[in-house]
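**Student:** Structure, please.
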Amino acid sequence: MNHEQFQDMLDDLVGQSGVGQEVLGDVLARTSLRAPQETSRVEISAGNPTARRPVDQRAIPQGTVSKAVKALKQNGLLEDGEKLLWSPDGRTLSPLRLGSLYAMAGVKVVQAGQRPRHVTTALLGLDSSRVLGTAHDAAGSWDQAADLIHQHVTSLKNASDQDRASRGLPPLRMLGIGPSP
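**Tutor:** Numbering: from 1, shown residues only. All right, here's what the predicted structure looks like:
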């Protein structure tokens, strides 16, 4: 997904939810900070007073979080979790987690001097807990490294999509590609 496609998706989410891009981003970010553990609307709403980013410290009204969660779930960025969660006062909370419909790719290029020597690419679930596939190849130039990254991502996604199709699941949507530690 390129930047324009992501912006179009955000615009659609804003229209569906009635909340701003900032709130959608905050809800998604707070969910990702807890990943791969599941979270709840109550936890997302409360914020975290010890968080490093000030934006993660402030509370968001629960109704606003619920609107954002509904739109994010409809678009597959969030999904219902599996574990029952409990509030401090003993109420059952609906668990949430990052959606399994989206994937991201991480790429590591090992260099010798100023030249690439090896490219490793991993296809991961959004919460980074599910490695969907990896590929490794030697690279002798930056052009070759770029070609390998493209080949790796394409082949890993195709293999994952074939596996998902055999289980009756829709193909993955790529959210992004970035450097891997």
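**Student:** going forward, measure contacts and count neighbours with C-alpha atoms only.
**Tutor:** Fine.
**Student:** For this structure, which segments count as helices?
**Tutor:** 3-17, 21-34, 41-46, 54-57, 62-74, 142-166 (DSSP state H).
**Student:** okay, how far is it across stretch 50-59, tip to tip?
**Tutor:** End-to-end distance for stretch 50-59, by CA to CA, to the nearest Å: 13 Å.
**Student:** May I see the buried residues of that stretch?
**Tutor:** Asp56, Ala59 (16 or more other CA atoms under 10 Å).
**Student:** From the rest of the structure, what touches it?
**Tutor:** For stretch 50-59, contacts defined as CA atoms under 8 Å, 6 or more residues apart in numbering pick out Asp26, Arg30, Ser45, Ala46, Gly47, Asn48, Pro49.
**Student:** so how far is Val69 from the nearest residue to the last one once chain neighbours are set aside?
**Tutor:** Distances taken as CA to CA, 6 or more residues apart in numbering place Gln57 nearest to Pro49, at 4.6 Å, with adjacent residues excluded. Applying CA to CA, one obtains 19 Å for the distance of Gln57 from Val69.
**Student:** now Gly125
**Tutor:** Distance from Gly125 to Val69, by CA to CA: 19 Å.
**Student:** Kindly report the same for Ser129.
**Tutor:** Ser129 is 21 Å from Val69, by CA to CA.
**Student:** between these two, which one's more packed in?
**Tutor:** Val69 (24 against 11; other CA atoms under 10 Å).
**Student:** Does that one touch Leu78 like I think?
**Tutor:** Yes: at 7.2 Å, Val69 counts as touching Leu78 under the criterion of CA atoms under 8 Å.
**Student:** Next, give phi and psi for the residue nearest to the spatial centre of the chain.
**Tutor:** Nearest residue to the geometric centre of the chain (CA atoms, centre = their mean): Leu126, 3.1 Å. Here is the backbone geometry of Leu126 (degrees, to the nearest 10): phi -60, psi -30.
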